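*Asks:* sequence plus the predicted model coming up.
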Amino acid sequence: MNFAPTRKIVVIVGGMVGSGKTTLVNKLKDAVSRDSSCATRMAAFPNVSYIFFRILATLLYNCRIVSLYEKAGIHPSTLVFKRIKKPGSTISLLISIIEMISIHVWLLLMDIKCRKASLIIIDEGFINAIANYLEVLKEHSSLLLYYTATLLLMLKRKYLLYLFFLSTSIDALLERWSRRRRPVISKFIGLDHHIRYLKLMQTSLELLRKMGFTIVEINTSYKSPSEVKKELLRALP
């Protein structure tokens, strides 16, 4: 396949861990000519924010514990807010400012990395990020929600923007998590944590739709990666 639109196409693929996001992103990139596509990942709390949370997590626990959870796919922010249950408005504002700087850095790096591509495929992206902001900052997340909506509107004006969400039944997710042993389920971070995050993903979808964004939902529970890829490609121009 060859993409040659007048504006770049940006495809954002959100969903839970185990829903098939990364597999789909890789398959989609392989289906498009190498020179015209670029795949990248955007998670909540990247680069500068990640360093900030890693330092905090190391101070609250120790470097070995943080590294063990990192290897299991657990972001340091999750560890931090296991200890800091209710961040006050000042801490939340500081986190929000650091995160806005981090996202701007990420956007700049994306522009550099994907400057020659006509199709940019983003793994995770803003659907997942909003769920993370709601999880971490709760009632203090409004600034980051407004910032995210503003960024998406900016991307919509600059690019042909397509938002996809890979939904998956809880039974299928549990089966995949068990098979790949990720995300980690322990006494410290139990199944209830991941179920709460799944509900926050639904809240994220509802918020974005209320903001006027169209999100194509694809159920990946019992579909092969090739079937999911075909379904996504049908929604693209």
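*Replies:* In hand now; what should we look at?

*Asks:* what are the buried residues along the helix or strand bottoming out on mean pLDDT in the chain?
*Replies:* Ranked by mean pLDDT, DSSP states H and E, the helix or strand of the chain with the weakest confidence is helix 170-180, at a mean of 84. For helix 170-180, the neighbour count (16 or more other C-beta atoms under 10 Å) marks 172-173, 176-177 as buried. C-beta: built from backbone N, CA, C; applies to glycine.

*Asks:* kindly report the same for stretch 28-41.
*Replies:* 28-29, 32, 36-40.

*Asks:* what is the end-to-end distance of stretch 20-39?
*Replies:* In stretch 20-39, first residue to last residue: 15 Å (C-alpha to C-alpha, to the nearest Å).

*Asks:* quick one: mean pLDDT over that stretch.
*Replies:* Per-region confidence: stretch 20-39 scores 83 on mean pLDDT.

*Asks:* which other residues reach that stretch?
*Replies:* 1-4, 11, 13-15, 41, 113-114, 116-124, 166, 168, 220, 225-226, 228-229, 232-233 (C-beta atoms under 8 Å, 6 or more residues apart in numbering).

*Asks:* for stretch 195-210, same thing?
*Replies:* 14-16, 126-128, 130-131, 134-135, 145, 149, 152, 163, 165, 170, 173, 215, 217.

*Asks:* narrow those residues to those in strands?
*Replies:* 14-15, 163, 165, 215, 217 (DSSP state E).

*Asks:* PyMOL command for the buried members of the contacts of stretch 195-210?
*Replies:* Typed into PyMOL, the next command selects the buried ones out of those (criterion: 16+ other C-beta under 10 Å):
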select buried, resi 14+15+16+126+127+128+130+131+134+135+145+149+152+163+165+173+215
